[in-house]
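>>> Sequence first, then the predicted structure, then my questions.
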Amino acid sequence: MEENEALNEEGLENQENSQDSLTRVTGMYKDWFLDYASYVILERAVPAIEDGFKPVQRRIMHSLKELDDGRYNKVANVVGHTMQYHPHGDASIADAMVQLGQKDLLIDTQGNWGNILTGDGAAASRYIEARLSKFALDVVYSPKITEWQLSYDGRKKEPVNLPVKFPLLLTQGAEGIAVGLSTKVLPHNFNELIDASIKHLKGQRFKLFPDFPTAGIIDVTNYNDGMRGGKVRVRAKISTLNKNTLVINEIPFGTNTSSLIDSILKANDKGKIKIKKIEDNTAADVEILVHLPSGISPDKTIDALYAFTSCESSISPLGCIIKDNKPLFIGVREMLERSTDYTVELLKSELEIQLGELEEQWHFASLERIFIENRIYRDIEEEETWEGVVSAIDKGLKPFTKNLKREVTEEDIVRLTEIRIKRISKFDLEKAQQHIESLEEKIAQTKHDLEHLVDYAIAYFKELKKKYGKGRERKSEIKIFDDIEATKVVIRNTKLYVNREEGFIGTSLRKDEYVTDCSDIDDIIVFTKKGEMMVTKVDSKTFIGKNIIHVGVFKKKDSRTTYNMIYKDGKGGPSYIKRFNVTGVTRDKIYQLSGGKPSADVLYFTANPNGEAEIVTVLLRQSGSIKKLKWDLDFADLLIKGRASKGNLVTKYPVKRIELKEKGVSTLKPRKIWFDDVVSRLNVDGRGELLGEFRGEDLLLIVDQKGKLKTIPPDLLTRFTDDMVVLEKWKPTKPVSAIHFDGEKERYYVKRFLVENSNREELIISEHPKSFLELISTDWRPVVEIEFSKPRGKEAKPNQKVDLEDFITIKGIKALGNQLTTEKVKNINALKPLPYEEPKETVPEEIEVVDEEAVEGNNGDKKEKKDDSDQTTLF
C-alpha cells in the first residue's frame, strides 16, 4: 500500500511538472512566420532601389570584383567565392549568375551561357567563364563611398549596397516571388533611361516604356507606369514570306522558340489553325518558318496565331522594391527619379572625397617644396632626440606656412622626415611648382563640379551614353494592337448537322442533314417553325425545338445579314411580313419573332447575307367572297427593322402557300470602309481615313515601295505592310502614273497604265536590283516638278514642271515608259494635279438599314405606310 501511494504521488508530481513545461505555439508561429516572410522579402526575392540588386546578385558582383585581375574566371570558382557571403547553395548562385550574364551588361561572358531565344540552358559552371565588363567597372564600384557590413558568419565584410551610378534596376528588370508579395519590373532601354535621367535633372517630363531583349512588338497603352493593374501586350513579329509561308523573326518576351512552336502545334492539333509544317532555323537570330496548306489565307493565319498561340501574350508588371528595409510599391517613373537622385548623391560623395585627397596632395607638395627649397632638413643635423628633430622642423617651417590651407601636424613632419636623400638631391623646383599648379587646377575644377552638381551629373550620363550606348538601340517596336475576334479567324474544324423534325443540332449528328462547317468556339443561330429564335454555343448535341427551319453560324454585330419572314399570328390570325437583323442576343435565350402566340406559324423565311430582297407570290385559300387570291410581294418595299417588330399586315385571310417568284438583289447601301494607320487595318467603325463606299464586287488598289501592285477585296482581316505607298478604292477606268528608276539603263522613266488584271500581283518596275519606284500617283491629271543636280563648276538647271498626262499616253502595265530626262536628277516632287471632273457613277436605288435593337420595334415605316399599330394591307 505504501509503495502504491508513493508511486501515485510520484506520478502526480511528474504530471504537474509536464504541465508546467507545456508551451503554446500560437504566438511562436506568428512571430516565426513574420520573421520568415521578412527574410524572404528583404534577403532573397525583392531588389533594393539603391543599386537594383537582389542580395545574391550583389554578392556575385562583389565576388567578381574581389577576383578581378582582367582575366576570365571559371564560374564555378566565382560561385565558390560567393558562398563566403551567401548562406545558400551553389546551384542558386550559379543560376543567378547565368541570368546576370545573359543580360549582356555587367558580365563579360565566355563559353556556352545558354540562349534566351531558344530556351537552351547554360553549360555547367566548371565549363564557362566570366569577368566584369568595362561598364560594370565604371559604374558599379567605388570602395571609398561603399557602406560595409559583416557577412552572415561574421568572417568577411560585404557591401550593404553597391554604389551603382545608373538606373540598373530598370535596365535589367527584376522578377521575384516572396511571402505575401511579388515584384515584376520589366526591362527598359539603356539609352532611353539615360535620356530620361537627363530630362529629370533638367526638370523636364519623360515617359518610359519597356524594351525586351527578345524584341517583338509591344502595346503599352495600359502600361500604367509599371504599377499594379497595368498590362503590356506583346506579340511575335510575323511576316508573309510568300502565299504559303509565314516567317517569325522576333518572339514575345517570356517565351522561347521551343515553347512558341509547341503552342502552334497544339493549336493545330486542336483545329484552331491549319498548318503544314514548321521549320526552326534559329541561330543568332530567330527564324521560324510556318508552312501553310494551299488555300489557307496568310493574313487570317497570322491573326489566328495571335489569338490561339503564344505569339501574343500579356504581361502584368508590378513595381515593388526595397527602401529602408521595407517593401515599397512605386512606378517606373519614381524608380528612375530615385535612382537618378541617388546617382547625384554618389557623384557628390566621390567629388568631396576627391577634393579632400587633392587638397591633401597640394598641402604635402607645398610642405615638401618649403622643406627642400629652404633647406630646413639641415636644421636637424645636430639634434640628438626625435622630439628635437620634430621641434626643429616645426620651427623651420613656421615662417613659410602662411599660405598653407591648414596647420602643419606632427604627421606632416613625420612624412617630411621620410623623404629620401636621393629625392632631395634631385629635387626640381620648376617641376614641383608645375605639380602644385596642376593640383590647384584640379581642385578648382572639382570645386566647380560640386557647385554645378546637376550639370556634372548630366555630363556624366551623356558620357555613359557615348561610351556604352552604341548597339543598345530599342529592340521592341511600340504599336497599338488591333483586337482580334477569335471567332473570325479560327479555322472551321468541324461540321454542323441538324435534325429538323426532332429539333436537334450538333456536331455528332452525322446521320442527319449537314448544315455547314464551323469551329468549336462558334455560336449557332436557329429559327423554328413556331417563330422562335435561339443563339447557342456549338456542342455535340443540343435540343432547340421541333421543326427547325434555319440553322447558321451567328456573327455578332452583323448588320448586313437580313432575315425575310412572313408569319401567321396565331390560329386563324392575320399574316404579317417583316425584315430584320440580329446583331446581339443573350445566349440560350428563346426569342419570339411571331407575336408569341402558341399556334403561331412561319409561312416563309429566308436568310440573306447581303440584305437581298426577293419577290414572292402569295396564294390564299378560297374563302367566302375573296376576289383576289394571288398577288406578288416585294421585300424591297419594307424597311429593315428590329427582330421584335411585328411587321406589316399581308392579309387577314388564310394563306394557302407562298412561292418564290424572283430572287432578290442586295438592298443595302454600299459599305463605308476606313483605314486605321495606327493598327494598319481596315474597319467599318469610322476610325482613320475613309477609303470609300464598297459594294460586293469593289476592290482595293495597293502599291508598295518595291513596285508591287495588286487589287484585293476589302477584307477587314487583311494585314497591311509598312512600306505601302498607295491604298485606295480601285477604279478600273482610272489610270495610274509612275516614275521609276531603271537600274540597267540608269535613267528615270514615266509610265501611265490601267490595272486590267484584278486579284493579281504585278511588278511595275524592272527586276534589276538597282531599280526603284520614285513616285506614283493615282490622280487623273498629275503634275510633277524635277529638281536637277548641280554640275561641278556650273549653275544647276532650273526646275522643270511636267504634265504626265501630256508627257505620255496610257500604255500597258509592263511597258518601260518614256525617259523623263537625260540630266542628273536631285529630286522629283508631286505638285497639285490639274483640275478634272470625274464621271459620276450611276447608283441604283438603295434601302438603308434601321438599327432597332435598342428600341425593339418602335421605329417608323416609310412615309406612305403606317405604324404596326395601324397596319396597311399590301394588296
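Arrived safely, thanks for sending.
>>> Which strand or helix spans M335?
helix 332-373 (DSSP states H and E).
>>> Then E785?
Element membership for E785 (DSSP H and E) is strand 783-788.
>>> Tell me how far the helix holding M335 lies from the chain's centre.
Here helix 332-373 shows a centroid-to-chain-centroid distance of 44 Å under the convention C-alpha atoms, centre = their mean, to the nearest Å.
>>> Residue nearest the middle of the chain, spatially speaking?
Closest residue to the average C-alpha location of the chain: I218 at 0.9 Å, with C-alpha atoms, centre = their mean.
>>> So that one: helix, strand or coil?
Using DSSP: H, G, I helix; E, B strand; the rest coil, the structure places I218 in strand.
>>> Does it touch H188 like I think?
No. Under the criterion of C-beta atoms under 8 Å, I218 makes no contact with H188, lying 11.6 Å away. Placement of C-beta: from N, CA and C, glycine included.
>>> Going along the chain, name the strands of the stretch 151-300 of the chain.
157-161, 174-177, 182-185, 217-219, 232-235, 237-242, 245-250, 277-280, 288-291 (DSSP state E, counting those that start in this stretch).
>>> looking at those, which is buried most?
strand 232-235 (a mean of 24; mean count of other C-beta atoms under 10 Å).
>>> distance between the ends of stretch 387-406?
Stretch 387-406 stretches 22 Å from its first residue to its last (C-alpha to C-alpha, to the nearest Å).
>>> Could you list the buried residues of it?
Neighbour counts over stretch 387-406 (16 or more other C-beta atoms under 10 Å) mark V389, V390, A392, I393, D394, G396, L397, F400 as buried.
>>> How about stretch 130-142?
For stretch 130-142, using 16+ other C-beta under 10 Å, the buried residues are A130, R131, L132, S133, F135, A136, V139, V140, Y141, S142.
>>> what does stretch 487-507 give?
Under 16+ other C-beta under 10 Å, the buried positions of stretch 487-507 are 487, 489-491, 493-494, 496-500, 503-507.
>>> what does stretch 333-349 give?
So for stretch 333-349, counting by 16+ other C-beta under 10 Å, buried means 333-340, 342-348.
>>> likewise stretch 565-579?
M565, I566, Y567, K568, D569, G573, P574, S575, Y576, I577, K578, R579.
>>> next one: it to chain centre, how far?
54 Å.
>>> Pick out the most distant pair among the buried residues of stretch 333-349.
R333 and K348 (23.0 Å; C-beta to C-beta).
>>> could you dump stretch 420-433 to CSV, C-alpha only?
Backbone C-alpha positions of stretch 420-433 (Å, rounded to 0.1, in the frame of the first residue of the first chain) are rendered in CSV as follows:
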residue,chain,number,x,y,z
ARG,A,420,65.0,60.1,-49.1
ILE,A,421,68.3,62.0,-49.6
LYS,A,422,68.2,60.9,-53.3
ARG,A,423,64.9,62.8,-53.8
ILE,A,424,66.3,65.9,-52.0
SER,A,425,69.4,65.9,-54.1
LYS,A,426,67.5,65.6,-57.4
PHE,A,427,64.6,67.9,-56.4
ASP,A,428,63.5,70.1,-59.4
LEU,A,429,61.9,73.3,-58.2
GLU,A,430,60.2,74.0,-61.5
LYS,A,431,58.7,70.5,-61.8
ALA,A,432,57.5,70.8,-58.2
GLN,A,433,55.8,74.2,-59.0
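>>> rewinding a little: from the chain's centre, how far out does the strand holding E785 sit?
How far strand 783-788 lies from its chain's middle: 41 Å, per C-alpha atoms, centre = their mean.
>>> List the neighbouring strands of the very next helix or strand once past it plus their orientation.
Next helix or strand after strand 783-788 toward the C-terminus (DSSP H and E): strand 800-803. Sheet pairing of strand 800-803 (DSSP bridges) gives strand 783-788 (antiparallel).
>>> and K663, which of the strands of the stretch 151-300 of the chain is closest to it?
strand 237-242 (38.1 Å).
>>> Going along the chain, name the helices of the stretch 451-600 of the chain.
453-468, 486-489 (DSSP state H, counting those that start in this stretch).
>>> From I288, how far off is E250?
10 Å (C-beta to C-beta, to the nearest Å).
>>> Isn't V684 up against L716?
Yes. Contact criterion C-beta under 8 Å: V684 and L716 qualify, at 7.1 Å.
>>> can the buried residues of stretch 130-142 go into CSV with extra columns for distance to N112?
Formatted as CSV, the buried residues of stretch 130-142 follow (distance: C-beta to C-beta, whole Å):
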residue, distance to N112
A130, 12
R131, 16
L132, 20
S133, 18
F135, 23
A136, 21
V139, 27
V140, 25
Y141, 28
S142, 33
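>>> Could you export those as TSV, including distance to Y591 and secondary structure?
Compiled in TSV, the buried residues of stretch 130-142 are given as follows (distance: C-beta to C-beta, whole Å; DSSP: H, G, I helix; E, B strand; the rest coil):
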residue	distance to Y591	secondary structure
A130	69	strand
R131	73	strand
L132	72	strand
S133	68	coil
F135	67	helix
A136	69	helix
V139	68	helix
V140	69	coil
Y141	73	coil
S142	75	coil
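>>> okay, those residues in a markdown table with pLDDT and distance to Q361 next?
As requested, those are arranged in a markdown table below (pLDDT from 0 to 100; distance: C-beta to C-beta, whole Å):
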| residue | pLDDT | distance to Q361 |
| --- | --- | --- |
| A130 | 95 | 36 |
| R131 | 95 | 32 |
| L132 | 95 | 29 |
| S133 | 95 | 31 |
| F135 | 95 | 29 |
| A136 | 95 | 29 |
| V139 | 94 | 26 |
| V140 | 95 | 27 |
| Y141 | 94 | 23 |
| S142 | 92 | 19 |
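>>> before we move on, back to that, give me the common contacts of V684 and L716.
I673 (C-beta atoms under 8 Å, 6 or more residues apart in numbering).
>>> measure the closest residue to L318 other than its chain neighbours to E384 for me?
Nearest residue to L318, sequence neighbours excluded (C-beta to C-beta, 6 or more residues apart in numbering): K184, at 4.7 Å. When distance is defined by C-beta to C-beta, K184 is 76 Å away from E384.
>>> Kindly report the same for P167.
64 Å.
>>> wait, which of the strands of the stretch 151-300 of the chain is closest to D704?
Closest among the strands of the stretch 151-300 of the chain, once you apply C-beta to C-beta, is strand 237-242, at 12.1 Å.
>>> Next, the contact list for the nearest residue to P252 once chain neighbours are set aside, please.
Leaving aside its sequence neighbours, P252 sits nearest to V234 (C-beta to C-beta, 6+ apart; 3.9 Å). Applying C-beta under 8 Å, 6+ apart to V234 gives the contacts 212, 216-219, 252-254, 312-315, 476.
>>> Apply 7 Å and report the result again.
G216, I218, P252, F253, S313, I315 (C-beta atoms under 7 Å, 6 or more residues apart in numbering).
>>> give me the number of residues near the last one?
The criterion is other C-beta atoms under 10 Å. On that basis, I315 has 18 neighbouring residues.
>>> OK, contacts around it?
L186, V232, V234, F253, G254.
>>> again with the fourth one
Listed by C-beta under 7 Å, 6+ apart, the contact partners of F253 are F212, T214, G216, V234, I315.
>>> Can you tell me how far it is from E837?
On the measure of C-beta to C-beta, F253 and E837 end up 55 Å apart.
>>> mean confidence score for stretch 481-489?
What stretch 481-489 shows for mean pLDDT is 80.
>>> Start and end of that stretch, how far apart?
Taking C-alpha to C-alpha, the first and last residues of stretch 481-489 lie 16 Å apart.
>>> Just list the residues touching the nearest residue to G331 once chain neighbours are set aside, thanks.
Excluding the flanking residues, the one nearest G331 by C-beta to C-beta, 6+ apart is D225, at 3.4 Å. Residues near D225 by C-beta under 7 Å, 6+ apart: G331, V332, R333.
>>> and with 8 Å instead?
Counting by C-beta under 8 Å, 6+ apart, the residues that D225 touches are L208, G319, G331, V332, R333.
>>> now the residues you listed as TSV including pLDDT?
Listed next are the contacts of D225 as TSV, based on pLDDT from 0 to 100:
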residue	pLDDT
L208	94
G319	91
G331	93
V332	94
R333	94
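>>> I appreciate the help and will end here.
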